[in-house]
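Peer 1: the amino acid sequence is not available; the structure is as follows:
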């Protein structure tokens, strides 16, 4: 009986990992980045909490649309989860300030020179591409459980799928993302 239970748990874990995005199933790379008030946010300080990490640019139309949805996430979950948005150059303090005002952003936007974004996206010289927005759902132990490409997975992000995944992680269950509808 014990062997059957262990086998079933193993299969469940495999299915969850296979259904997650290509950047899921690994520990979120460590980072400590400043926000516009020069307060540093260290990802390790968020252990024990579900974290939504976004890689974005203020001029990206998909990022601008996603900001409203992330605000809904913040409204629904409050301090039950942490939201960290990360920008890379050419974004700067002024472009972020305007973005925060225009889209009524209440979560911290952190400044990266590109190294953190590259590490999270697994960018290499052979695969240097980083597209925006990218969203990562990190569980309480620091593991990336889901990753979303904001352009490819737009329907998932705008629907109830992200909320369902967050609910599962808050309950302590591994998230199993829904599949994007066929286009």
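Peer 2: Arrived safely. Note that the structure is predicted; figures quoted are calculated from it, not measured.
Peer 1: which SS class is the residue most central in space within the chain?
Peer 2: For the chain, the residue sitting closest to the mean C-alpha position, by CA atoms, centre = their mean, is residue 136 at 2.1 Å. Remark: residue 136 carries the secondary structure label strand [criterion: DSSP: H, G, I helix; E, B strand; the rest coil].
Peer 1: over to the one 10 residues further on?
Peer 2: Taking three-state DSSP as the rule, one finds residue 146 in the strand state.
Peer 1: immediately after the helix or strand of the chain with the lowest mean pLDDT, which helix or strand?
Peer 2: Across the helices and strands of the chain, mean pLDDT, DSSP states H and E gives its lowest value to helix 2-19, namely a mean of 35. Once the chain leaves helix 2-19, the next helix or strand it forms, by DSSP states H and E, is strand 26-27.
Peer 1: that next one packs against which elements?
Peer 2: strand 143-149 (3 or more CB pairs under 8 Å, 6 or more residues apart in numbering; DSSP states H and E). (C-beta placed from N, C-alpha, C; glycine too.)
Peer 1: return the distance of the strand it packs on from the chain's centre.
Peer 2: If you compare the mean C-alpha spot of strand 143-149 with that of the full chain, they lie 6 Å apart, counting by CA atoms, centre = their mean, to the nearest Å.
Peer 1: equivalent analysis for stretch 98-107, please.
Peer 2: Averaging C-alpha positions (CA atoms, centre = their mean) puts stretch 98-107 18 Å from its chain's average.
Peer 1: what about it, start to end distance?
Peer 2: Counting by CA to CA, to the nearest Å, you get 14 Å between the two ends of stretch 98-107.
Peer 1: with stretch 77-89 instead?
Peer 2: Per CA to CA, the first residue of stretch 77-89 is 30 Å away from its last.
Peer 1: so where is this protein shaky, pLDDT-wise?
Peer 2: Confidence mapping of the chain against pLDDT under 70 gives the ranges 1-21, 154-159, 173-183.
Peer 1: those strands in it, which residues are they?
Peer 2: 26-27, 32-34, 40-42, 50-56, 81-87, 109-111, 134-138, 143-149 (DSSP state E).
Peer 1: parallel or antiparallel, list what pairs with the last one.
Peer 2: As defined by DSSP bridges, the strand partners of strand 143-149 come to strand 26-27 (antiparallel), strand 134-138 (antiparallel).
Peer 1: distance of the closest residue to residue 103 other than its chain neighbours from residue 60?
Peer 2: Nearest-residue entry for residue 103: residue 67, 4.1 Å, with adjacent residues in sequence omitted and distances by CB to CB, 6 or more residues apart in numbering. As defined by CB to CB, to the nearest Å, residue 67 lies at a distance of 10 Å from residue 60.
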